[in-house]
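Student: predicted model and sequence follow; I will ask about them next.
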Amino acid sequence: MIGLPEWAEVSAARARHIERVVALIERWIVAMAIPEAEAVRWRRAGWLHDALRDAPEATLRRLAGDHGPRGLLHGPAAATRAMEAGERDPGVLAAVRWHTVGSADWDWVGKVLYCADFLEPGRTHQSARRTELADRFPADPDGVLFRVGQWRIERLIEAGWQLPEATWRFWNALPRSGGST
Ligand SMILES: [Fe+2]
Ligand SMILES: [Fe+2]
């Protein structure tokens, strides 16, 4: 799959974000010499992750099958819709489903998407820090994943929001250099 799925409901600005996420993933694929069979999974997750980001709330709730906050519905909804459209790769589906909150059970597709979604250059807040992490990812994916998780979770805590269970499980499961503490 190259490009947005035909069932996508996204604004023009959102489509540009998705394109930048896929472009960053592509940079990493090249820099890390990822085999094509794995690279196509990374690309698919990028194209799918926000495909329903601008869909009506009723559509999102129907597909997501729960009543959580609106901002957390589009991942589960897109995963369900992608499955209906024939996506069968559990790692790709999990990457899309949990991209907003994190997952302790991800393979590298989920981890790559989580990082690329946050580090893509269209996000201009603290862009130097984002650029440094994006550039470092191919040489140190675990280290960058840890820093991205830390940064994203710090923002949730600073905003006073609750941490979804999936988020703290993701955080506790991240590999730590130098031990488990
Ligand atoms: Fe998203
Ligand atoms: Fe996104």
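Tutor: Yep, it's here. Ligands and ions are numbered 1, 2, ... in the order given.

Student: quickly find the element holding residue 112.
Tutor: helix 108-119 (DSSP states H and E).

Student: dump that helix to PDB, restricted to CA.
Tutor: Extracted C-alpha coordinates of helix 108-119, given in PDB (Å, rounded to 0.1, in the frame of the first residue of the first chain):
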ATOM      1  CA  TRP A 108       9.200  -2.700  15.900                       C
ATOM      2  CA  VAL A 109       6.400  -1.500  13.700                       C
ATOM      3  CA  GLY A 110       4.600   0.000  16.700                       C
ATOM      4  CA  LYS A 111       7.800   1.500  18.100                       C
ATOM      5  CA  VAL A 112       8.800   3.100  14.800                       C
ATOM      6  CA  LEU A 113       5.400   4.600  14.300                       C
ATOM      7  CA  TYR A 114       5.300   6.000  17.900                       C
ATOM      8  CA  CYS A 115       8.600   7.700  17.300                       C
ATOM      9  CA  ALA A 116       8.000   8.900  13.800                       C
ATOM     10  CA  ASP A 117       4.600  10.300  14.600                       C
ATOM     11  CA  PHE A 118       6.100  12.500  17.300                       C
ATOM     12  CA  LEU A 119       9.400  13.400  15.700                       C
END
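
Student: quick check: next helix or strand after the lengthiest helix in the chain?
Tutor: When the chain is parsed with DSSP state H, its longest helix is helix 12-31. Proceeding N to C from helix 12-31, the next assigned helix or strand is helix 36-48, under DSSP H and E.
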